[in-house]
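I'll drop the sequence and a predicted model, then ask my questions.
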Amino acid sequence: MKNKALERLIYGLSLSLVSLTLFSFKTSKINPGDTVLAPAYKLKTVVVDAGHGRMSNGTWRGASGEYSQESKVTLAVAFKLQAAIQKELPDIKVVMTRTSDADVLWQKRADIANENKGQLFISLHCNSLSDRIVRGAHGKKIRVPDRSGKGVLLLVYVYRRVGEQEAAIRENEFEDKNYKDNADLNPNDPTSIILLNAFKDKYRKQSLRFANLVNDEFVHTDGRKSEGVREQSVLVLARSGMPAVLVEMGYINNPDDEAYMNSETGQNEIVATLIRALKAYKNEVEQTTGAGK
């Protein structure tokens, strides 16, 4: 026998999904039809993920510049972001996936996010370009560092690893919910499919919205060059059952970007940008779902 509470939830979701309009990556705000959250929803838990780290053999994972490693830069910015959220948004709990130089596998990072019921996942990284192959004297091929990359890039998950995303949604959204106790979320059951698709659709739109808020702040407030927002199949984003954005803060093999990301001024500006975007995002999702009314 079907769970009546689940059936009512599915029916309500179906009506909401029918009314969805086209979503604009650049200008759209989240509208009431884009969410399946409860009316009392509050943004309470943000996961801050400092990309990469040092492996047990002493090797640093991630990109490197002339004098710095991505792993160290991301951890420094992550700590600053944690402190800023705690100061300016004290009602939000910050969960860190890494608090030391030691690397954490991507699967463990996602597990930490899901186990702590994260509602937004922010992964911090530094970009880099591979060496170019050019012909030198006598036509000999040589490697030349490509330092032409510059600016920020925002990545959100493109739905290619569907099974992993659905497993993460089940883990993060359905645990301890009233409709989980009596409802078997069978992937072949139409009601389950509707519910899972609704969450996937919501996560995609909210991920894109937060990414665009961050990108707009980088460009219009900080005056930084940006490669925009892209959808890409990223493992740690695929396994996180929540809206998730990977922030490439700059090209560490570009001398200007490396200096900026290693400076107090640059790191503070990056954090300030993320805080402004986070405040705007929080205000939108809480107003959308009727929180605080």
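Good, I have the coordinates.

nearest residue to Leu235 other than its sequence neighbours?
In this structure, Leu235 finds its nearest non-sequential neighbour in Trp106, 4.9 Å apart by C-beta to C-beta, 6 or more residues apart in numbering. (Glycine included, C-beta is placed from N, CA and C.)

ok, now which ones touch the one you found?
By C-beta atoms under 8 Å, 6 or more residues apart in numbering, the contact list for Trp106 reads 235-236, 239.

Narrow those to just the buried residues.
236, 239 (16 or more other C-beta atoms under 10 Å).

between the contacts of Trp106, which is closest to Gln69?
Val236 (18.7 Å; C-beta to C-beta).

my read: that closest one touches Asp49, true?
Yes - the pair Val236 / Asp49 is scored as a contact, 6.9 Å apart, by C-beta atoms under 8 Å.

Are there residues contacting both of these two? Which ones?
Between them, Val236 and Asp49 share the contacting residues 109, 123, judged by C-beta under 8 Å, 6+ apart.

which among the contacts of Trp106 gets closest to Thr265?
Among those, and counting by C-beta to C-beta, the member closest to Thr265 is Val236, at 28.6 Å.

before we move on, the earlier item: quick check, nearest of the contacts of Trp106 to Phe121?
Using C-beta to C-beta, the contacts of Trp106 come closest to Phe121 at Val236, 8.0 Å.

which strands and helices sit next to the helix or strand encompassing that closest one?
According to DSSP states H and E, Val236 maps onto helix 235-238. On a contact count with 3 or more C-beta pairs under 8 Å, 6 or more residues apart in numbering; DSSP states H and E, helix 235-238 meets helix 106-115, strand 120-127, strand 152-157, helix 162-169, strand 244-251.

can you list contacts of the helix or strand following the last one?
Scanning forward in sequence from strand 244-251, with DSSP H and E defining helices and strands, the next element found is helix 255-262. Contacts with helix 255-262, where a contact means C-beta under 8 Å, 6+ apart, come from 65-68, 73, 77, 126, 147, 149-151, 249-252, 266-267, 270.

I only care about those residues that end up buried; give me the ChimeraX line for that.
Provided next is the ChimeraX selection string for whichever of these are buried by 16+ other C-beta under 10 Å:
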select :65,68,73,77,126,147,149,150,151,249,250,251,252,266,267,270
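
still on that earlier bit, let me know which of the helices and strands packed on helix 235-238 is the nearest to Ser207.
Using C-beta to C-beta, the helices and strands packed on helix 235-238 put strand 152-157 closest to Ser207, at 4.2 Å.

partners of the closest one in the sheet?
Here strand 152-157 has these sheet partners by DSSP bridges: strand 226-232 (parallel), strand 244-251 (antiparallel).

element containing Val271, please.
Element membership of Val271 [criterion: DSSP H and E] is helix 264-288.

the inter-axis angle of that helix versus strand 120-127?
Going by axes from the mean of the first three to the mean of the last three C-alpha atoms, to 10 degrees, helix 264-288 is angled at 150 degrees with respect to strand 120-127.

so helix 264-288 versus helix 255-262, what angle?
Using the same axes, to 10 degrees: helix 264-288 against helix 255-262 is 70 degrees.

Against which helices or strands is helix 264-288 packed?
Applying 3+ C-beta pairs under 8 Å, 6+ apart, one finds that helix 264-288 contacts helix 70-88, strand 120-127, helix 190-216, helix 255-262.

which one of those has the lowest average pLDDT?
With a mean of 79, helix 190-216 has the lowest mean pLDDT of the helices and strands packed on helix 264-288.

Average pLDDT for the helix holding Val271, rounded please.
95.

which parts of it are buried?
266-267, 269-278, 280-282, 284-286, 288.

so who does Lys141 touch?
Neighbouring residues of Lys141 by C-beta under 8 Å, 6+ apart: 133-135.

With secondary structure, neighbour count and pLDDT added, can I get the residues you listed in TSV?
Output for the contacts of Lys141, formatted as TSV (DSSP: H, G, I helix; E, B strand; the rest coil; neighbours: other C-beta atoms under 10 Å; pLDDT from 0 to 100):
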residue	secondary structure	neighbour count	pLDDT
Ile133	strand	10	74
Val134	strand	10	72
Arg135	strand	9	73
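
Sweet, I'm off.
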